[in-house]
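A.B. asks: Task: produce atomic coordinates for the following.
(one chain, ligands or ions: 1)
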Amino acid sequence: MANISLPSNLIPADGRFGCGPSKIRPEQVAAVNEIATSVLGTSHRQAPVKNMVGRIREGLGDLFTIPEGYEVLLGNGGATSFWDSAAHSLIERRSQNLTFGEFSSKFASAASAPFLEAPDVIKAEAGSRSVSVPTEGIDVYAWPHNETSTGVMAPINRVHGDAGALTVIDATSAAGGIDFDASQADVYYFSPQKNFASDGGLWFALFSPAAIERVERIAASGRYIPEFLSLANAVSNSRLNQTLNTPALTTLAMLENQVKWINDNGGLTWASARTAESSGVLYDWAERSSVATPFVSNPEHRSQVVVTIDFDESIDAAEIAKQLRANGIVDTEPYRKLGRNQLRVATFTAIEPDDVRTLTGAIDYILERL
Ligand SMILES: *Cc1c(COP(=O)(O)O)cnc(C)c1O
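C.D. replies: Model (predicted):
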């Protein structure tokens, strides 16, 4: 089919709606430019970079109002490598993994390491979610705050199982966009290319004192832990505002700017209200549409940062995404392995609610002409 040309009033000011890498605000890139000849291209073991890491750690601590004793850690490799770190450095014997999509399933696979007992996997169908069950012998309870592949979010409430059991949350696509009580998790980890609008390759995590104690105990136990995956290493390096190996400095600079931007605007409450507004626009639109419905049927499970919308058989959602793309509105395709006739739209903190309103107008315009 020929390309449909959208009228200019139906083209959002910024057409990036992908779930990661996601929209980066121009001010973040300007912040990179400001340090182009002072910090970029200089040693990550010297004060200019270490101070930047320190400001990010402090800014994240403020943003999440971390309880006394919690620490902000970081390391190279992103959330995916954090799963392997958790298997080596955080799970003592056995984890319970809630799986309800691709990302949560991937952590369950990583937790199936040969030196651990097979994880207790509690699965729910894509588009819904499962609930933890306090169980004897489980020392890590794990689930995602937001399952990015399906657009389902889950509440963060500490699981009261065996004494010392840890609650470990994959917050990659939720952190910085959904309000929650940090005291309810022992580990809350994420990569910065989603609500933090930076690039991938690093992970950050809020660690409770109990989680740090666990990491140090496992490190001292003699278990073989590859150095790159050692969380004990991450604890000692993070305390010095460093990483084991070289981090990407532009990623840090863009992250610093985004954390400051959110904090200056009113912090997590503000960010959470903003993503709820943007996602609400899309869910309301889908509820009103005769050809679209929210994929996540239970409104309580619907994500405020990743919106998934199913279309009637009479409509080819891939064609809508293709037409949007031809007009510079990109990455509205569904998660590739989900295989649904669907659009998936990020409503991360950086995305303007008005751009989401314009997007619904653009989809309507395309639907009338398909
Ligand atoms: C994007 C994402 C990941 C993977 O992050 P990487 O930085 O690519 O490793 C993991 N979990 C969730 C929930 C995600 O959204």
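
A.B. asks: Strands of the stretch 201-350 of the chain, residue ranges please.
C.D. replies: 202-207, 292-294, 306-311, 342-346 (DSSP state E, counting those that start in this stretch).

A.B. asks: which one of those lies closest to Asn195?
C.D. replies: When the strands of the stretch 201-350 of the chain are ranked by proximity to Asn195, the top entry is strand 342-346, at 8.9 Å, counting by Cβ to Cβ. All C-beta spots, glycine's among them, are computed from the backbone N, C-alpha and C.

A.B. asks: Remind me what that closest one packs against, helices and strands.
C.D. replies: Judged by 3 or more Cβ pairs under 8 Å, 6 or more residues apart in numbering; DSSP states H and E, strand 342-346 is in contact with strand 306-311, helix 317-326, helix 353-369.

A.B. asks: returning to what we had before: to the ligand, which of the strands of the stretch 201-350 of the chain lies closest?
C.D. replies: Among these, the nearest to the ligand by Cβ to the nearest ligand atom is strand 202-207 (7.1 Å).

A.B. asks: The residue lying closest to His301 once chain neighbours are set aside: how many residues sit nearby?
C.D. replies: Taking Cβ to Cβ, 6 or more residues apart in numbering, and ignoring the residues beside it in sequence, His301 has Val152 as its nearest neighbour in space, at 5.0 Å. Here the number of neighbours of Val152 (other Cβ atoms under 10 Å) works out to 26.

A.B. asks: One more: Thr135?
C.D. replies: Residues contacting Thr135 under the criterion other Cβ under 10 Å number 15.

A.B. asks: again with Gln304
C.D. replies: A count of neighbours around Gln304, defined by other Cβ under 10 Å, yields 24.

A.B. asks: isn't it right up against His145?
C.D. replies: No - taking contact to mean Cβ atoms under 8 Å, the distance of 10.9 Å between Gln304 and His145 leaves them out of contact.

A.B. asks: Pull up the overlap in contacts between these two.
C.D. replies: Taking Cβ atoms under 8 Å, 6 or more residues apart in numbering as the contact criterion, the residues that touch both Gln304 and His145 are 153, 178.

A.B. asks: ok, back up a step: contacting residues for the residue nearest to His301?
C.D. replies: Contacts of Val152 by Cβ under 8 Å, 6+ apart are 100-101, 127-129, 146, 296, 301-303.

A.B. asks: got any ranges where the stretch 51-200 of the chain has weak pLDDT?
C.D. replies: Screening the stretch 51-200 of the chain residue by residue with the criterion pLDDT under 70, one finds no matching range.

A.B. asks: Just the helices from it, written as ranges.
C.D. replies: Along the stretch 51-200 of the chain, the segments classed as helices by DSSP state H, counting those that start in this stretch run 78-89, 102-110.

A.B. asks: Highest mean neighbour count out of the ones you listed?
C.D. replies: For the helices of the stretch 51-200 of the chain, the stretch with the most neighbours on average is helix 78-89, a mean of 22; neighbours defined as mean count of other Cβ atoms under 10 Å.

A.B. asks: Which neighbouring elements make contact with it?
C.D. replies: Looks like helix 78-89 contacts strand 71-76, helix 102-110, strand 187-190, strand 202-207, helix 209-220, helix 231-239 (3+ Cβ pairs under 8 Å, 6+ apart).

A.B. asks: one more time with 7 Å
C.D. replies: helix 102-110, strand 187-190, strand 202-207, helix 209-220, helix 231-239 (3 or more Cβ pairs under 7 Å, 6 or more residues apart in numbering; DSSP states H and E).
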